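J.: Sequence and predicted structure, then a few things I'm wondering about:
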Amino acid sequence: MQTGARVTQTSLNDLGWSPFFADQLDAVGGTPDRVMRIAAVQRSKATGLGPRGAVRLTYPPTLSAGDIAVGDWVVVDPETDVIETILDRSSKLARRAAGIEAKTQLLAANIDTLFITTSCNEDFNPARIERYVVLALDAGVSPVLILTKADKTEDAQSYLAQAREISGKFDAILLINAKDPDQSDQLRRWCGAGKTVAFVGSSGVGKSTLINALTGSDQATAGIREDDAKGRHTTTARSLHFAEGGGMVIDMPGMRELGLHDVAGGIDELFDDITDLATRCKFRDCAHVSEPGCAVRAAIEAGELSEERLERWRKLRAEDQLNTETLGQTRRRAREITRQHKAQLAAQQRFKGKPRKSGK
């Protein structure tokens, strides 16, 4: 794992420390010398950065790799390097983990800006971009859309126009040739001391090239397949890096799936035009199909709202509701299993404590 040039000693401020976390440290009785920021998460250990440099950290029995995200601030036992406490997060990105069983997968924590990266080619997908924007808005993170490979198309302005139609919630939309250092420098306005940015997007869109430019590191990069504009994975795990000039950068591998859950607030914010129209419908439970007095249908008929946008809103809401309910059921089942296990252990302890009757 590369974390930039400074991997020996660094201050907490260099890592993004703020009063939000300092107040928590006072509450848990910790001291600054015991604080570290998670730079990488593995199955059995994590890598933390702090005043002592890069340190391999161990999980206590109450935590596992799935409970910790890259970007987390933790309090560590300095003698054993065991993680004692995870400080509350200022922001959190999470998705429904791939697979049949409903589980949450933490992606990253304590981020200020999310760089949503896509290319001016077949990778450009409004529905996928909307998912990333929902994730950012629900977490209270500023989304910035980066359109790469602008130098490889004669229709870059068309992609820019499509991007603007997706949402007015972007902090900025940038057309960039990732291999041009001068253009990559546009991203530095969101970096700086105390700031953390994260990159998301498909493989092969230029994330690693942009991160190299910001951090001065030399991560492996790979091109794209010419037949479908899809890249080969060059980042295999989330990791935290120092940005040149201050701040931190979180790199995340390309995600084939971004299952949403418990992000209703983000959906409402991204589609605030539909949310507002729905409040004007005649019926509170209007399905926006053919009901009389439907303000949403009226907007579509007037050309103020597209049917495609309405359908994407419906799909995201339905997915979020289903995944949130399913995850809730999974948590309830897990709590019930835990209660049963504790009851069995208690019963065994009581049985062991009883004196045995001697046989005749």
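T.: Here it is on my side, so go on. Residues are numbered from 1 along each chain as shown.

J.: Just give the nearest non-adjacent residue to residue 10, would you?
T.: Using CB to CB, 6 or more residues apart in numbering and skipping the chain neighbours, the partner closest in space to residue 10 is residue 49 (6.5 Å). Bear in mind the C-beta positions are built from the backbone N, C-alpha and C, glycine included.

J.: Equivalent analysis for residue 138, please.
T.: In space, residue 138 is closest to residue 266, 2.8 Å off (CB to CB, 6+ apart).

J.: I'd guessed that neighbour sits against residue 132; true?
T.: No: contact criterion CB atoms under 8 Å: residue 266 and residue 132 do not qualify, at 10.2 Å.

J.: Would you mind telling me which of these two has more residues around it?
T.: Neighbour totals were compared for residue 266 and residue 132, and residue 266 leads with 24 against 21 (other CB atoms under 10 Å).

J.: who's in contact with that one?
T.: 133-139 (CB atoms under 8 Å, 6 or more residues apart in numbering).

J.: TSV for those, including pLDDT?
T.: Output for the contacts of residue 266, formatted as TSV (pLDDT from 0 to 100):
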residue	pLDDT
133	94
134	93
135	90
136	93
137	94
138	91
139	92
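
J.: For those, pick the one with the most neighbours.
T.: With neighbours taken as other CB under 10 Å, the top of the contacts of residue 266 is residue 136, carrying 29 neighbours.

J.: gap between that residue and residue 304?
T.: From residue 136 over to residue 304 the distance is 26 Å, taken as CB to CB, to the nearest Å.

J.: cool, and residue 290?
T.: Taking CB to CB, one finds residue 290 at 18 Å from residue 304.

J.: circling back: can I assume the residue nearest to residue 10 sits in a strand?
T.: Yes: according to DSSP: H, G, I helix; E, B strand; the rest coil, the state of residue 49 is that of a strand.

J.: Start at 603, not 1
T.: That works, and once the first residue is 603, the last one we named lands at residue 651.

J.: Number of residues surrounding it?
T.: 25.

J.: Model confidence for it, exactly?
T.: pLDDT, residue 651: 94.

J.: One more: residue 887?
T.: Looking at residue 887, its pLDDT reads 87.

J.: and the residue nearest to residue 875 when sequence neighbours are not counted, what element?
T.: In space, and not counting its chain neighbours, residue 875 is closest to residue 907: 6.8 Å by CB to CB, 6+ apart. Under the criterion DSSP states H and E, no helix or strand holds residue 907.

J.: Ramachandran angles for the nearest residue to residue 757 once chain neighbours are set aside?
T.: Excluding the flanking residues, the one nearest residue 757 by CB to CB, 6+ apart is residue 722, at 7.3 Å. Backbone torsions for residue 722, taken as degrees, to the nearest 10, come to phi -80, psi 60.

J.: Report pLDDT for the nearest residue to residue 734 once chain neighbours are set aside.
T.: Once flanking residues are discounted, residue 734 sits nearest to residue 718: 4.5 Å by CB to CB, 6+ apart. Residue 718 carries a pLDDT value of 95.
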